[in-house]
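Asker: no sequence for this one, just the structure:
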């Protein structure tokens, strides 16, 4: 059975956080390419990416998102299947902060690819039809929409609803 993060002793969480930060710092120092999974909710993500960029790294963000209600439902399903949980208030706060920082990521990161993961497959569906769909790409801050109808969460996040032609 999975253990919710909130039940992990703070000393263990601190060790894990320090190991994570040391991993990033070592890769930047050694100029070794790396990939990490993060939300955009934390200022540390932007500080680390700036430091990596200054060290000569190309910063490429692959952001995968769905509507908030879908995210809440998926976490609940994961918990039902024995996976780790996230309190709904924490999920909502992280989701909102991440969306608020998308425009900043587009300005600061070299390449940003945003995928919509709202489509939900049902038993028997062809999995290829339900892969996350690329809806926006930016290079050097220049936005190119890859979908005729970007999801509402994306339009709200970047502050306008400009559609591709």
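Answerer: Everything's here; your move. Computed from a prediction, not measured in an experiment: that's the story for all the values here. Numbers count the residues shown, from 1 in each chain.

Asker: any regions of this protein where pLDDT drops low?
Answerer: 1-6, 160-165 (pLDDT under 70).

Asker: ok, which stretches of it are strands?
Answerer: Counting by DSSP state E, the chain has strands at residues 60-65, 111-116, 133-139, 142-145.

Asker: show me which residues of the first one are buried.
Answerer: Read that as strand 60-65. For strand 60-65, the neighbour count (16 or more other Cβ atoms under 10 Å) marks 61, 63, 65 as buried. In short, each C-beta sits where N, CA and C put it, glycine included.

Asker: which of those residues sits closest to residue 94?
Answerer: Of all the buried residues of strand 60-65, the one sitting nearest residue 94 is residue 65; the distance, using Cβ to Cβ, is 11.3 Å.

Asker: go through this protein and flag its longest helix.
Answerer: What stands out as the longest helix in the chain, according to DSSP state H, is helix 10-29.

Asker: return the most buried member of the strands of the chain.
Answerer: strand 111-116 (a mean of 20; mean count of other Cβ atoms under 10 Å).

Asker: what's that strand packed up against?
Answerer: Under the contact definition 3 or more Cβ pairs under 8 Å, 6 or more residues apart in numbering; DSSP states H and E, strand 111-116 sits against strand 60-65, helix 102-108, strand 133-139.

Asker: okay, the buried residues of strand 60-65 in TSV with distance to residue 99 next?
Answerer: Converted to TSV, the buried residues of strand 60-65 look like this (distance: Cβ to Cβ, whole Å):
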residue	distance to residue 99
61	14
63	10
65	7
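
Asker: now the strands of the chain in JSON lines, with distance to residue 48?
Answerer: Shown next, in JSON lines, are the strands of the chain (distance: least, Cβ to Cβ, whole Å):
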{"stretch": "strand 60-65", "distance to residue 48": "12"}
{"stretch": "strand 111-116", "distance to residue 48": "16"}
{"stretch": "strand 133-139", "distance to residue 48": "19"}
{"stretch": "strand 142-145", "distance to residue 48": "24"}
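
Asker: what's the closest of those strands to residue 81?
Answerer: strand 60-65 (19.7 Å).

Asker: quick check, distance from that closest one to the centre of its chain.
Answerer: 5 Å (Cα atoms, centre = their mean, to the nearest Å).

Asker: now the angle from it to strand 133-139?
Answerer: 150 degrees (axes from the mean of the first three to the mean of the last three Cα atoms, to 10 degrees).

Asker: give the phi and psi angles for the nearest residue to residue 153 once chain neighbours are set aside, as a check.
Answerer: Closest residue to residue 153 apart from its sequence neighbours, by Cβ to Cβ, 6 or more residues apart in numbering: residue 67 at 5.7 Å. Note on residue 67: backbone dihedrals following degrees, to the nearest 10 are phi -60, psi 150.
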